[in-house]
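J.: sequence plus the predicted model coming up.
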Amino acid sequence: DRAEFAYGAGCSFCSHTGFLGRTGVFEMIPMTDEIRRLVNRKAGAMEVKEQAVKEGLVTMRRDGMLKAKEGVTAPKEVIRHVFTIG
């Protein structure tokens, strides 16, 4: 496990965030037979997502934090941009 994370000092080009450019954080639910069945019976979004997680879905939050663990971004940036959406 990572004990230290990258934190940029910042400059005028990056608005003092320490990061320049963008890195995508993704959440894709594959249309499996079980997900299709849930959608066809008009199951709620949470039920579909719970099933997707059981099937191995990597949520946006998890994807962001994995990227922080890899040093691609900082936990603060993931929290600021991903945890506020959902």
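T.: Perfect, thanks for sending it. Residues are numbered from 1 along each chain as shown.
J.: going by C-alpha atoms from here, please, whenever you check contacts or count neighbours.
T.: Fine.
J.: residue 26 is in contact with residue 57, correct?
T.: No - using CA atoms under 8 Å, residue 57 makes no contact with residue 26, being 10.4 Å away.
J.: contact partners for the residue most central in space within the chain?
T.: The chain has residue 60 as the residue nearest its centroid, 2.0 Å off, counting by CA atoms, centre = their mean. Neighbouring residues of residue 60 by CA atoms under 8 Å, 6 or more residues apart in numbering: 25, 26, 27, 82.
J.: go on, residue 63?
T.: Residue 63 neighbours (CA under 8 Å, 6+ apart): 25, 26, 27.
J.: what about the most far-flung residue of the chain relative to its centre, distance to residue 58?
T.: The C-alpha centroid of the chain is most remote from residue 41, which lies 27.5 Å away (CA atoms, centre = their mean). For residue 41, the distance to residue 58 (CA to CA, to the nearest Å) stands at 24 Å.
J.: show me the helices in the chain, by range?
T.: 33-40, 45-54, 60-69, 75-81 (DSSP state H).
J.: lowest-pLDDT helix or strand in this protein?
T.: Sorting the helices and strands of the chain by mean pLDDT, DSSP states H and E puts helix 75-81 at the bottom, at a mean of 84.
J.: and that one, how far out from the chain's middle?
T.: 10 Å (CA atoms, centre = their mean, to the nearest Å).
J.: tell me which other helices or strands that helix touches.
T.: Packing partners of helix 75-81 (3 or more CA pairs under 8 Å, 6 or more residues apart in numbering; DSSP states H and E): helix 60-69.
J.: what mean pLDDT does the helix it packs on have?
T.: For helix 60-69, mean pLDDT is 90.
J.: touching, residue 73 and residue 67? I think so.
T.: Yes - using CA under 8 Å as the test, residue 73 is close enough to residue 67 to be in contact (6.1 Å).
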